[in-house]
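A.B. asks: here is a sequence together with a model predicted from it:
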Amino acid sequence: MNKKFLITLGGFLLVVLVLAAVKMAQVKKQMSVPFTMPASSVTTVEAVLATWPPVLNAIATLAPVEGVDIAADADGVVTKIQVENGTAVNKGDLLIELDTTVEAAQLASAEARLVIAQLNADRSRELRDSNTNSQADLDSTLALLNQATADSGALRAALEKKRIRAPFSGRVGIRHVNVGQYVSRGVPLLPLQRLDPMFVNFSIPQRQLPLLSKGQEVHVRVDAFTDQVFTARVSAINPAVDASSRNVSVQAELANPDEVLRAGMFARIEVVLPPEAPAVVLPATAIAYASYGNSVFVLETMKDPQGNDYLGAVQRFVKLGPTRGDQIAILEGVKEGETVATSGVFKLRQGAHVQVNNERLPANSPEPTPPNT
C-alpha cells in the first residue's frame, strides 16, 4: 500500500516539475523579446500654408446717415396725417398738418392790409412825381407797405410751421400721434430714417490706432443675417481719444440699398489689415498645451530596436500665432506638408507607435457655423 502511494506521488511530482520547466522556458523566451506598447489610434492632417489677412475685431452699432424724430414746431391740433407708418418719403413731402384756422384768417387779413398799403404807396408815388405831396408822406406810405409785407410773411411762416414736411428723403417709422390730438411745440410726432447708406460705429483701443486709415475694408456681421457678411469702408476716425476708456471712436459707411439693416442693430466687425506672410495652420486640437511649452506630434517613419519600420510620433515644440475659427497658426516648429496628429495627442509621447484612423476628423474650418447659432 505504501509502495503504490509513493509511486503515485513520485509520478505527480515529476509531472509538476516538467510543466514548471516548460513554463519557465516560455517565460524566459518572452522576456528576451523587447516589450512594445500597442499602437495608439490618432487622426491626422497635412500641414498647409494659409494667408490670413490680419483683422481688428470689435463690437459695433448701426446708425442711420440721417435720422431724426420729427417734432412739432408750434402748438396745435393734428388735423391730417398724410403718410402711413413705414412709408418711404421724399424731401419736402407733407407728413402731418396741424390746425391752421386762426393763422389762415390772420393771413387773409394781413394780405388785405398789404393790398391797401400797396395801393397807397403807388398813389403816393404818383403824387410825389407831380410834386403834389411831400417826401415825408411818401416815406410814411412806403413804411406802412413794408410793415404789411412783413406781417404777411410772418403769418405765412407761422402757417407753414403747422405743415410738417420731411427734411430729407427716407422712411418714416411708427407715428406717436393721432388725428385730433393736441401737441405742444417740441413733442415728437414720428421718426424718419434714411437707411441707405448706414454708419457702423465702433471703438478700438488707442494702441491699435496706427493700424487704421480711411478707406479700409470692414466686414460686418449681424445676428439677423448670420449667413451674410456686409462690406463697409472706414469713413471717419475721431481725432480725440476717450479719456475714460482710452478708446478711439471709428465710423465706417455701409451700403444698404435693400434696407435690410436697421438703425440700432448690434454688429460684430472685422477691420481688414494689410496681409502678412503665409503661415502653417493646423486644427487647434493638434496642440498639446503645457506650462513648459506647447507642442505637436509629427508622424514619421521610425525603426524599432530590431530594425523594423513603424509609424511613430515625434514631439515638436511650436510657437503659436493667431486663431481663426477651429484653426490656429503655427509660426515656428512645423513645416508645410508634414503630417500632424490632430486627436489623441494627450496619450502620445516621443517615439510612440501610432495608427492612423481618419474616419472621423476633428473640426478644421476657419469660419465654423455651429448648430443652433
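C.D. replies: That came through, no problem.
A.B. asks: tell me, what residue is most central in this structure?
C.D. replies: Centroid check for the chain by CA atoms, centre = their mean gives R268 as the closest residue, at 1.7 Å.
A.B. asks: that one against L56, yeah?
C.D. replies: No - contact criterion CB atoms under 8 Å: R268 and L56 do not qualify, at 11.6 Å. For glycine as for every other residue, the C-beta is placed from the backbone atoms N, C-alpha and C.
A.B. asks: which residues do these two both contact?
C.D. replies: Both R268 and L56 lack any common contact, where contact means CB atoms under 8 Å, 6 or more residues apart in numbering.
A.B. asks: before we move on, back to that, look up the closest residue to the residue nearest to the centre of the chain, ignoring the ones flanking it.
C.D. replies: Spatial nearest neighbour of R268, excluding adjacent residues (CB to CB, 6 or more residues apart in numbering): R221 at 4.9 Å.
A.B. asks: tell me the contacts of that neighbour?
C.D. replies: By CB under 8 Å, 6+ apart, R221 lies in contact with 228-230, 267-269.
A.B. asks: out of those residues, the closest to V102 would be?
C.D. replies: Nearest to V102 among the contacts of R221 is A267, at 49.1 Å by CB to CB.
A.B. asks: just the element for Q147, please.
C.D. replies: Taking DSSP states H and E as the definition, Q147 sits inside helix 135-161.
A.B. asks: in that helix, what counts as buried?
C.D. replies: Buried residues in helix 135-161, defined by neighbour count with 16 or more other CB atoms under 10 Å: 138, 141, 144-145, 148-149, 151-152, 155, 158-159, 161.
A.B. asks: check which helices and strands it is in contact with.
C.D. replies: Here helix 135-161 touches helix 101-129, going by 3 or more CB pairs under 8 Å, 6 or more residues apart in numbering; DSSP states H and E.
A.B. asks: what is the orientation angle of the helix it packs on with helix 135-161?
C.D. replies: Using axes from the mean of the first three to the mean of the last three CA atoms, to 10 degrees, one finds that helix 101-129 and helix 135-161 are set 160 degrees apart in direction.
A.B. asks: for helix 101-129, name the packing helices and strands.
C.D. replies: Applying 3+ CB pairs under 8 Å, 6+ apart, one finds that helix 101-129 makes contact with helix 135-161.
A.B. asks: list the contacts for the residue nearest to A363 when sequence neighbours are not counted?
C.D. replies: Ranked by CB to CB, 6+ apart and with sequence neighbours excluded, the top spatial neighbour of A363 is D326, at 4.3 Å. When contacts are counted by CB under 8 Å, 6+ apart, D326 touches 283-285, 362-366, 368.
A.B. asks: among these, name the ones in helices.
C.D. replies: Judged by DSSP state H, the subset of the contacts of D326 located in helices is empty.
A.B. asks: what pLDDT does the closest residue to P188 other than its chain neighbours get?
C.D. replies: Nearest residue to P188, sequence neighbours excluded (CB to CB, 6+ apart): D69, at 4.1 Å. Model confidence at D69, expressed as pLDDT, equals 87.
A.B. asks: D69: what secondary structure?
C.D. replies: strand (DSSP: H, G, I helix; E, B strand; the rest coil).
A.B. asks: which residues are contacting stretch 82-93?
C.D. replies: Residues from elsewhere that reach stretch 82-93 (CB under 8 Å, 6+ apart): 94-97, 165-175, 190, 192.
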